[in-house]
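with the input below, show me the fold.
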Amino acid sequence: MKNVTVEMIAIDKIDVKTNPREIKKKDVKELAASIKRVGVTVPIAVRIMGQSGGYTLVCGGRRTEASKQAGLTEIPALVYPIDTPESEIVNITHFENAFRKELKPMDEARSVKKIYDECGSYKDTATILGITAQKVACCVNILTGLSKSWTKEFKKRDSDYKPTLAHMEILARFSDEVQERLYEYFDDDNFNDMDDFKRACEKEQQCLSEATWDVDVYCIECVKRTDIQKDLFGAIKKGKLGECLDKECWKKQGSDHIERLLTESREKNGEVKYGYDGYLGYYEEKDMREKYGNCISLSSTETSKKVDGFPLFIVAGKQVGKTMWRKFPKKADGSTTETTAGTGVKTLSERRDGLNRKRWSFVNATLVKLLSGDWDVSQLKYADKVTAVMYLVSCFGVKTFASNKIEDIEKTLTAKEVQAAMTDKLFEMVSGTFLYDLEWTGAITQIPDSMIKMTKLVADVFQIELKPYEEEAKRTYKEPKSWANLKADGTPK
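Presented below is the predicted three-dimensional model:
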């Protein structure tokens, strides 16, 4: 704002006659009490009036009257020069008044941007509106940062999505690619529940301080970093990095870093074996197998010297990227066995049990993926839908939503088919919990019997035939031919 200053000015020098609203003392009683406690937090706006040293009120009539009642003699004000065009004064008054009303989120963002366009800076706009400069930046970013799908959705009059300004601010920070991925993921229930919404968005973010690569070399100017977008995310504390706003880009950077370290290891040590450290989840283990084939568990080896060991490059787990010299421990008969991913148990029975659990981890992941689509009560197996839904509720509990207001419940209770309506409602509520609880995320060889049983029972309720997926699991995780030559205790015949 050119030549506009923020000053403490005398209240008795303000001409309030230009204020179009009639303000009575009783209208500002609560505001006056607040000002007595904390003062005036949002400056009013005035324009210098001639050579008299007085001011004409541009906006802030209620704050001015309340300050008088509170016994103040001075008030903070944005002071516009005497030559400020009348058209600009009218716009400022209109924009501020529009912002103070109850506006829809997109309209509120437009109002903030209009004031920003007049002021030219986040700081000055924030001063006028009494909000943070970061908030102003977020509102401005909404109008240009939302992807096509979200913009179209928010313009629909009959949309089931109920966005707040906070929803839009968070979405607009992401790239179009990430926003479109979130658009495919969200339905109206998990979108309208702010806790669910934030959790889903947080999954798209990664803490940069946890990166295994040098982010100030490989991500130095990436706009997907929150510490690069300081206007939107605020100042980053010294010694701390921000967040990466694109998990797919994060994965690629991590993969590229491993390949760089692998190249360095090969140049130094020659050919290396691949290994992993600790337990891996189903998808992590699957990605590792597809890229590197069978990998050796670090726990199945022991430390060695170069003369009698081999270089083991860790491609997944806690010590990813490290190269260690390892060897296989000797058995009682003096022989060694190269134990690869998923075959670290000793007896043949234990090996087959681990293999079977791998297969059930595959089936469980497949079932969860299938059930992530749109389902309703009509797709449940049992003719008695109430029994089916109550079974799910008893196993997983229900999640309440903000939309479950007393009015909605009353409508349900007065519906012609009360039982059917309540069943639909309960199914909607249990859908928000059971997928999370059903998914096995631990080591694929450690899926418990209780989870296997639950996978079968849920598939039965939803009338999903698991046989094809069990066969696919067997093809994915084949029993090694070498096991035919093992005794029951796991030793060679």
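
what about the strands in the stretch 201-350 of the chain?
Counting by DSSP state E, counting those that start in this stretch, the stretch 201-350 of the chain has strands at residues 206-207, 243-244, 273-277, 296-297, 302-303, 310-317, 323-327.

with respect to residue 144, which of these lies nearest?
Of all the strands of the stretch 201-350 of the chain, the one in closest proximity to residue 144, counting by C-beta to C-beta, is strand 243-244 (21.0 Å). Placement of C-beta: from N, CA and C, glycine included.

pLDDT of the closest one, averaged?
In this model, strand 243-244 has an average pLDDT of 86.

contacts for it, please.
For strand 243-244, contacts defined as C-beta atoms under 8 Å, 6 or more residues apart in numbering pick out 205-208, 211, 219, 222, 224-226, 250.

residue 141: which of those residues is nearest?
Residue 141 has its nearest neighbour among those in residue 226, at 12.8 Å by C-beta to C-beta.

mean neighbour count and distance to residue 384 added to the strands of the stretch 201-350 of the chain, as JSON lines?
Output for these, formatted as JSON lines (neighbours: other C-beta atoms under 10 Å; distance: least, C-beta to C-beta, whole Å):
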{"stretch": "strand 206-207", "mean neighbour count": "16", "distance to residue 384": "46"}
{"stretch": "strand 243-244", "mean neighbour count": "21", "distance to residue 384": "48"}
{"stretch": "strand 273-277", "mean neighbour count": "21", "distance to residue 384": "47"}
{"stretch": "strand 296-297", "mean neighbour count": "20", "distance to residue 384": "48"}
{"stretch": "strand 302-303", "mean neighbour count": "10", "distance to residue 384": "58"}
{"stretch": "strand 310-317", "mean neighbour count": "21", "distance to residue 384": "46"}
{"stretch": "strand 323-327", "mean neighbour count": "17", "distance to residue 384": "58"}
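
okay, those in JSON lines with distance to residue 149 next?
Formatted as JSON lines, the entries for those read as follows, by distance: least, C-beta to C-beta, whole Å:
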{"stretch": "strand 206-207", "distance to residue 149": "24"}
{"stretch": "strand 243-244", "distance to residue 149": "22"}
{"stretch": "strand 273-277", "distance to residue 149": "38"}
{"stretch": "strand 296-297", "distance to residue 149": "43"}
{"stretch": "strand 302-303", "distance to residue 149": "53"}
{"stretch": "strand 310-317", "distance to residue 149": "34"}
{"stretch": "strand 323-327", "distance to residue 149": "45"}
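
which residues of the stretch 101-250 of the chain score low on pLDDT?
Applying pLDDT under 70 to the stretch 101-250 of the chain picks out residues 101-103, 128-130, 231, 233-240.

which of the contacts of strand 243-244 are buried, as a PyMOL select command?
Once 16 or more other C-beta atoms under 10 Å is used to decide burial, the buried members of the contacts of strand 243-244 can be selected in PyMOL as follows:
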select buried, resi 205+206+208+211+219+224+225+226+250
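
would you confirm that residue 228 contacts residue 208?
No: with contact defined as C-beta atoms under 8 Å, residue 228 does not count as touching residue 208 (10.2 Å).

where do the contact lists of those two overlap?
Between them, residue 228 and residue 208 have residue 242 as joint contacts when contacts are counted by C-beta under 8 Å, 6+ apart.

re earlier: nearest to residue 490, out of the strands of the stretch 201-350 of the chain?
Residue 490 lies closest to strand 296-297 among the strands of the stretch 201-350 of the chain, at 15.5 Å (C-beta to C-beta).

remind me what that closest one packs against, helices and strands.
If contacts are counted by 3 or more C-beta pairs under 8 Å, 6 or more residues apart in numbering; DSSP states H and E, strand 296-297 sits against strand 273-277.

given the strand it packs on, what are its sheet partners and their directions?
Sheet pairing of strand 273-277 (DSSP bridges) gives strand 296-297 (parallel), strand 310-317 (parallel).

picking up where we left off before, residue 171: which of the strands of the stretch 201-350 of the chain is closest?
Comparing the strands of the stretch 201-350 of the chain by their distance to residue 171 (C-beta to C-beta), the top pick is strand 243-244, with 15.1 Å.

contacting residues around stretch 365-375?
Applying C-beta under 8 Å, 6+ apart, the set of residues contacting stretch 365-375 is 187, 282-283, 431, 435, 438-440, 455, 458-459, 462, 464, 466, 469, 472.

domain ranges for the chain?
Under the assignment automatic domain parsing, the domains of the chain span 5-140, 271-341, 348-481.

so what would you say the end-to-end distance of stretch 40-54 is?
Counting by C-alpha to C-alpha, to the nearest Å, the length from the leading to the trailing residue of stretch 40-54 is 20 Å.

quick one: that stretch to chain centroid distance?
Its chain's average C-alpha position is 45 Å from that of stretch 40-54, according to C-alpha atoms, centre = their mean, to the nearest Å.

returning to what we had before: weakest of the strands paired with strand 273-277 by average pLDDT?
Going by mean pLDDT, the lowest-scoring of the strands paired with strand 273-277 is strand 296-297, which has a mean of 86.

picking that back up, can you tell me which of the contacts of stretch 365-375 is nearest residue 43?
Relative to residue 43, the closest of those is residue 187; by C-beta to C-beta it sits at 43.5 Å.

go through stretch 30-45 and flag the buried ones.
Of the residues in stretch 30-45, those buried under the neighbour-count criterion (16+ other C-beta under 10 Å) are 31-32, 35, 40, 43-45.

and residue 56, that one's in a helix?
No: secondary structure assignment (DSSP: H, G, I helix; E, B strand; the rest coil) places residue 56 in strand, not in a helix.

partner residues bridging it?
Legend: beta-bridge partners of residue 56 under DSSP bridges are residue 15, residue 47.

number of residues surrounding it?
Using other C-beta atoms under 10 Å, residue 56 is surrounded by 18 other residues.

could you pull out the helices for the stretch 251-400 of the chain?
Ranges of helices within the stretch 251-400 of the chain are 282-292, 348-371, 385-396, based on DSSP state H, counting those that start in this stretch.
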